[in-house]
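Q: From the sequence below, what's the structure:
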Amino acid sequence: MAPGAIASAAEDPQMDQTNQLLVLIAAAAIGLIAMFLIVGRQRRDRASATQENPFAVSTEGEKRCPKCGMGNLWTANRCIACKAPLRG
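A: Below is the predicted model of the structure:
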C-alpha cells in the first residue's frame, strides 16, 4: 500500500455498525412476533380450559360421555352408547 493511502478497513466499522443494527432490528422483530404467538396460544389454551361444560354435574354415580352426552356408570371406562373413552 502506498504511503498516505486510506486503508479499506476504515470503512468496515461503519458497515459493521449498519449490519449489526439491521441484525438487531430483525432479532427484535422476530422476538416480538414470537411473543405475540405465545401470548395468543396461551389465551386460546386458557379459554378452552375455562370453558363451561354444557352438562350438569352428575350426583347419582354417573359420568357423562364427552362425545354423545350419554350417562354412564362411574366405573365404566367407555361409553355404553358410542364406545368413546370416558375421563375420570
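
Q: Once you drop chain neighbours, what's closest to residue 79?
A: Nearest residue to residue 79, sequence neighbours excluded (CB to CB, 6 or more residues apart in numbering): residue 65, at 3.9 Å. Any C-beta I mention is one placed from the backbone N, CA and C, and that applies to glycine too.

Q: For that neighbour, which residues are in contact?
A: Shown in contact with residue 65 (CB atoms under 8 Å, 6 or more residues apart in numbering): 71-72, 79, 81-82, 84, 86.

Q: So it versus residue 48, what's the distance?
A: Residue 65 is 19 Å from residue 48, where distance means CB to CB, to the nearest Å.

Q: Model confidence score at the spatially most central residue of the chain, please.
A: Closest to where the C-alpha atoms of the chain average out (CA atoms, centre = their mean) is residue 41, at 3.7 Å. Note on residue 41: pLDDT of 95.

Q: What is the lowest-mean-pLDDT helix or strand in the chain packed up against?
A: The weakest-scoring helix or strand in the chain, judged by mean pLDDT, DSSP states H and E, is strand 62-64 (a mean of 83). With contacts taken as 3 or more CB pairs under 8 Å, 6 or more residues apart in numbering; DSSP states H and E, strand 62-64 sits against strand 71-73.

Q: Can you spell out which helices and strands pack onto the strand it packs on?
A: Using 3+ CB pairs under 8 Å, 6+ apart, the elements in contact with strand 71-73 are strand 62-64.

Q: Please give me every residue in contact with the closest residue to residue 61 other than its chain neighbours.
A: Ranked by CB to CB, 6+ apart and with sequence neighbours excluded, the top spatial neighbour of residue 61 is residue 74, at 4.9 Å. By CB under 8 Å, 6+ apart, residue 74 lies in contact with 58, 61-63, 88.

Q: Okay, buried residues for stretch 39-52 please.
A: Using 16 or more other CB atoms under 10 Å as the test for burial, stretch 39-52 gives no buried residues.

Q: secondary structure element for residue 22?
A: According to DSSP states H and E, residue 22 maps onto helix 12-49.

Q: Among the contacts of residue 74, find me the one that's closest to residue 20.
A: Nearest to residue 20, judged by CB to CB, of the contacts of residue 74 is residue 88 at 56.2 Å.
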